[in-house]
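Engineer: Sequence first, predicted coordinates after that:
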Amino acid sequence: MTQQSLFDELGGEPVLRKIIDRFVDRLFDDVMIGFLFQAGSATRERIKEKEFELAAQHLGAPVEYTGRPLQTAHRRHKIMTGHFMRRLQILKDTLDEHGVSERVRRHWVDLTLEQMPLVMNPENDQCQPPPARKGD
């Protein structure tokens, strides 16, 4: 017997689309990071579609991600650690709100953390401590 994919365990396309719709709406409307999504040229609908493709693919659905590589798509944005962590918290809250199983939730959160270096540019991160000066 083959194990059910995480995509199927979640409830398939209708459930994933509901989660992604809520997640992206929360990102756009968030007072702390919404500006990052509203300032770009991508529409809310396009981001929902690309987020769906990425999530469906990593959850095991036969769906192809058709967007640009994450590093290319995010390079021009000044995404800092705080921005990334806020997005992660919104994802966790959205998954909790939809009663996503711990197995699916853990996979999704772990993958998101693995993608952190692809969307962030460490040179933009103001949250890093300043380099030590001689004599300190």
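Structural biologist: Looks like it came in fine.
Engineer: Going by secondary structure, residue 66 is in what exactly?
Structural biologist: Residue 66 belongs to no helix or strand when assigned by DSSP states H and E.
Engineer: Leaving out sequence neighbours, find the closest residue to it.
Structural biologist: Spatial nearest neighbour of residue 66, chain neighbours left out: residue 53 (6.1 Å); criterion: C-beta to C-beta, 6 or more residues apart in numbering. Glycine gets a C-beta too; all of them are placed from N, C-alpha and C.
Engineer: Same question for residue 70.
Structural biologist: Closest to residue 70 by C-beta to C-beta, 6+ apart is residue 118, at 4.2 Å.
Engineer: List the buried residues for the helix or strand encompassing the one you found?
Structural biologist: In the assignment (DSSP H and E), residue 118 maps to helix 116-119. By neighbour count on 16 or more other C-beta atoms under 10 Å, the buried set for helix 116-119 is residue 119.
Engineer: Stretch 19-29 too?
Structural biologist: Applying 16+ other C-beta under 10 Å to stretch 19-29 flags 19, 20, 21, 22, 23, 24, 26, 27, 28 as buried.
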